[in-house]
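Participant: prediction below, plus the sequence it came from.
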Amino acid sequence: PAIIRRSDYRAPLWLVPDVALDFALDADATQVRATLAVTRNGDHDQPLRLDGEGLVPLSITVDGIALTPDQWSMDGSALVIPLSGNAHAVETLVTIAPAANTQLMGLYASGGLLCTQCEAEGFRRITFFPDRPDVLSRYSVRMTADKALYPVLLANGDPVASGDLEDGRHWAQWNDPFPKPCYLFALVAGDLACNADGFTTMSGRKVSLGIWVKAADLPRTAHAMKALKDSMAWDERVYGREYDLAAFNIVAVADFNFGAMENKGLNIFNSRYILADPETATDMDYDAVEGVVAHEYFHNWSGNRVTCRDWFQLSLKEGFTVFRDQSFSADMGSPAVKRIDDVRILRAAQFQEDSGPLAHPVRPESYMEISNFYTATIYNKGAEVIRMMHTLLGPERFRAGSDLYFDRHDGQAATCEDFVKAMEDGGGIDLTQFRLWYSQAGTPRINATLTHDAATGEAILTLSQAVPPTPGQPDKKPMAMPIRIALFDRASARHHGDALLHLTQAEQSFRFPGFSAPPVLSINRGFSAPVVIDSDRSQADLAFLSAHDDDPFARYEAMQQLMVNVLVGTVAGQAMDDTPVIAAIRDTIADSKLDDAFIAEAIRLPSESYIGDQMLLVDPDAIHLARDRLQAKIGATLEQEWRALHARTEANGFSLSSAAKGARKLRNTALLYLSASGAKDADAIAFAQFDRADNMTERQGALAVLASGIGDHREAALDIFYNRYADDALVLDKWFQTQALAFHPDTLAIVDALGRHKDFTLSNPNRVRSLYGAFAANQWGFHQGDGAGYRMVADIVIALDSLNPQTAARLVPPLGRWRRFDAVRGGAMRAELERILATPGLSKDVTEQVVKSLE
Ligand code: HT7
Ligand code: ZN
């Protein structure tokens, strides 16, 4: 497949200021008539070139006159029309088949609905068009459809008119006054019920809000509606951004390749990020609904009003919008726990990506298939880059920068460089060196050494940085980053305030006067830079910080590092002293100043894959054994504490307050350790929690504990859960996922059998992710045995590729980590990648991921 390069960007030759679309909707054959007002952009004699995929032009007219076959041509799948003047009206007619669209890109059918997904390049599967984000058009959309099958007809913008037709059909017209790229186009037709509400903007305009779902799901939309209204108010308060249309609609669909889509005025969501009630959604699900609703809403400014010039600039909208949704969720709940969660996700997904064959910069230089670049690097590292600018500038100057960015670029397709320049000009800062964060891939490693000069009473912190080589980037330059630190006096357990260090050189020393004795270093407080810190802090220092650090992230981090050191040492065959870990956990759960949610985060053992990420060569069995034993020892040593905690956190009635959510989180953690303790009644206690829970957080928490064990209640709990929720696809996903993630010796065989279960289907991406996505993330399970896990995932990639290449491609990266495993495992993983590559007719989505993984 062809490689698209950032350096090849050229402005569009033709613009399309206005487009009128007319859809005669039908699941099997939808007719699309598109009338494009096109204008020549600059002085050239090039023909009009309209992207298309799988389209056949049934008729083409220019200025109302039908073209003869010699007046147009196809270049591959693109339609090419030579035009004589500088402005024309070009009309095309095509027929598409939504019900046969298994890729879920373009116009497709899901659960009786017709809906669209156009980002990144789905619009070309609907009609011929310059499918690139820097061509901005005003859209008017008319839809006709069978009224009984599709009583609701929605599109971008505001509704203009509607009416009935003969033959049981009806029509609706929607206009969107804001010029937008075609990736933001959307329509939905179907039998939907609406949770209708309203919002009055800061300038007093009334906006009608609608969340559209299947009628039976209406009671599960309240949380999403609250999140939407909170997001609208937050964006006004924090960024001064007001909503701009009279209507804002959200539709939930069951089959969706991603989380959600920010189409102008008509967001389309994967139903898992809209629907929530206590019976079916965990607290994590509730938080995800809030976060994704906010994310898509915030795109109205960061993405829609200011969009991307080309797809290399994807992080311009995604990194900034993730930063915005993270800040919103922090303000809505616990900032400390939110930061810990976000860093955990960053490390699990992005650090792993950055250290493997698919590493790429936040602003990539090339791609084969843009869908493969909706990555943790673009999203999560991109958000960290924005966060660092926020840290360097402070909130007021950052706001001045963002105001300038929105003012300057409203209605434009902008670049990452435009954003940085606005921050420089609005915030008054020089970000010349900082720009390397956009172009250099790889996670910087910072070595921190603290020494003490007794003669001068100075503490001297020496930081040195190295950015590891990544594909195509063997040599790296030093990066600029903010490192927040504090130096604790050992005796008083206090410090003299944070210092924000500006690390810019390969090696830099910072001197701090006023220390008669060596202090304890708290570093990268709040995770001020997305880096790995290597420091020579002792276990005693880490234990000190895990008890006294007043920065919640640093306190959590000290505790995690304490655990990681023991686990990595154990895996390496050293006899490690685990008493500081157990003591730290005991002290943390006894600390009445800490809230339950933080305690639960702090005392949780690092994941098996995070432990693996600390090693050059991952030994999944040794890691599993070491972690399992430590968990068992913590469980047994503190058994009475776990019993007491589990009892103390039992709630009397369900609430969504932060305190109640924290208590549930801690209750599940206590149950996990109690079960690990080997206590004879642990299985029964877990089953009782499972059985009596009045909410999904506790029920699924207990199910996860039971599913990882070999106790008597395992099968019963899984059966009860299945029968109770057999009709609820989102909960059934949890049933598949819980088993795929379980620490069970037979996980491989269990997943294999689940792949043949009557409720498993390759046509629903949520189901695929909940079984095979989860399994590939289960380090011990996936790497078990003789490579059968690799074969199973490769089989799915091959089978899924012809149906839904985007979802198939997302299963490839776990196999691409072959260099990190022993020769036998690594060889087996490579062999599966080669087998996938040898499949005839492989999509460019999967081809790109596999080729890069093998390089
Ligand atoms: N901007 C949206 C991206 C998206 C997407 C990308 C590829 C294929 C399907 C997709 N659905 C949505 C989501 C977001 O970041 O808000
Ligand atoms: Zn986004």
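Facilitator: Received, thanks. Please read these numbers as outputs of a predicted model, since none were measured by experiment. Numbers count the residues shown, from 1 in each chain. Ligands and ions are numbered 1, 2, ... in the order given.

Participant: now the stretch 651-800 of the chain against ligand 1: closest residue?
Facilitator: Distances between the stretch 651-800 of the chain and ligand 1 by Cβ to the nearest ligand atom are smallest at residue 765, namely 9.5 Å. (Each C-beta comes from the backbone N, C-alpha and C, glycine too.)

Participant: that residue: neighbouring residues, count only.
Facilitator: Other residues near residue 765 number 22, with proximity taken as other Cβ atoms under 10 Å.

Participant: does it touch residue 104 like I think?
Facilitator: Yes: proximity of residue 765 to residue 104 meets the contact threshold set by Cβ atoms under 8 Å, at 7.1 Å.

Participant: can you list residues touching both of those two?
Facilitator: Residues touching both residue 765 and residue 104 (Cβ atoms under 8 Å, 6 or more residues apart in numbering) are 255-257, 804.

Participant: tell me the secondary structure at the residue of the stretch 451-600 of the chain found nearest ligand 1.
Facilitator: Proximity of the stretch 451-600 of the chain to ligand 1 (Cβ to the nearest ligand atom) peaks at residue 530, 19.0 Å away. Following DSSP: H, G, I helix; E, B strand; the rest coil, the label given to residue 530 is coil.

Participant: quick check: closest non-adjacent residue to it.
Facilitator: Distances taken as Cβ to Cβ, 6 or more residues apart in numbering place residue 384 nearest to residue 530, at 3.9 Å, with adjacent residues excluded.

Participant: circling back: just the shared contacts of residue 765 and residue 104 now: which is nearest ligand 1?
Facilitator: residue 257 (4.2 Å).

Participant: any idea how this structure splits into domains?
Facilitator: Residue ranges for each domain of the chain read 1-191, 307-439, 445-535, 537-637, 639-711, 726-855, as given by automatic domain parsing.

Participant: just to revisit the earlier point, pretty sure the residue of the stretch 451-600 of the chain closest to ligand 1 contacts residue 382?
Facilitator: No: applying Cβ under 8 Å, one finds residue 530 not in contact with residue 382, separated by 10.2 Å.

Participant: about what we covered before: and the shared contacts of residue 765 and residue 104 as a markdown table, adding neighbour count and secondary structure?
Facilitator: Shown next, in a markdown table, are the shared contacts of residue 765 and residue 104 (neighbours: other Cβ atoms under 10 Å; DSSP: H, G, I helix; E, B strand; the rest coil):
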| residue | neighbour count | secondary structure |
| --- | --- | --- |
| 255 | 23 | coil |
| 256 | 23 | coil |
| 257 | 22 | coil |
| 804 | 24 | coil |
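
Participant: measure the residue of the stretch 651-800 of the chain closest to ligand 1 to residue 258 for me?
Facilitator: From residue 765 across to residue 258, the span is 8 Å (Cβ to Cβ, to the nearest Å).

Participant: pLDDT below threshold where in the stretch 301-450 of the chain?
Facilitator: Within the stretch 301-450 of the chain, no range satisfies pLDDT under 70.

Participant: could you confirm whether the helix or strand harbouring residue 320 reaches ligand 1?
Facilitator: Secondary structure from DSSP states H and E places residue 320 in helix 314-332. Yes: counting by Cβ under 6 Å from any ligand atom, contacts between helix 314-332 and ligand 1 involve residue 318.

Participant: what packs against the helix or strand just after that helix?
Facilitator: Past helix 314-332, further along toward the C-terminus, the next helix or strand under DSSP H and E is helix 335-345. For helix 335-345, the elements it packs on are helix 314-332, helix 552-571, helix 596-602, judged by 3 or more Cβ pairs under 8 Å, 6 or more residues apart in numbering; DSSP states H and E.

Participant: taking the stretch 501-650 of the chain, what residue is nearest to ligand 2?
Facilitator: residue 530 (18.6 Å; Cβ to the ion).

Participant: in JSON lines, list the helices and strands packed on helix 335-345 along with distance to residue 508.
Facilitator: Shown next, in JSON lines, are these (distance: least, Cβ to Cβ, whole Å):
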{"stretch": "helix 314-332", "distance to residue 508": "27"}
{"stretch": "helix 552-571", "distance to residue 508": "20"}
{"stretch": "helix 596-602", "distance to residue 508": "31"}
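
Participant: reformat the ones you listed as JSON lines; add mean neighbour count and distance to residue 357.
Facilitator: Formatted as JSON lines, the helices and strands packed on helix 335-345 follow (neighbours: other Cβ atoms under 10 Å; distance: least, Cβ to Cβ, whole Å):
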{"stretch": "helix 314-332", "mean neighbour count": "24", "distance to residue 357": "20"}
{"stretch": "helix 552-571", "mean neighbour count": "22", "distance to residue 357": "24"}
{"stretch": "helix 596-602", "mean neighbour count": "24", "distance to residue 357": "31"}
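
Participant: near ligand 2, which residues of this structure show up?
Facilitator: With the criterion set to Cβ under 5 Å from the ion, the chain comes near ligand 2 through 318, 321.

Participant: in the chain, which helix is the longest?
Facilitator: Longest helix of the chain, by residue count under DSSP state H: helix 382-409.

Participant: just how off-centre is that one within its chain?
Facilitator: 21 Å (Cα atoms, centre = their mean, to the nearest Å).

Participant: buried stuff in it?
Facilitator: Judged by neighbour count (16 or more other Cβ atoms under 10 Å), helix 382-409 contains these buried residues: 382-393, 397-402, 404-406, 408-409.

Participant: tell me which strands and helices it is in contact with?
Facilitator: Packing partners of helix 382-409 (3+ Cβ pairs under 8 Å, 6+ apart): helix 222-239, helix 314-332, helix 416-427, helix 436-439, strand 481-489.
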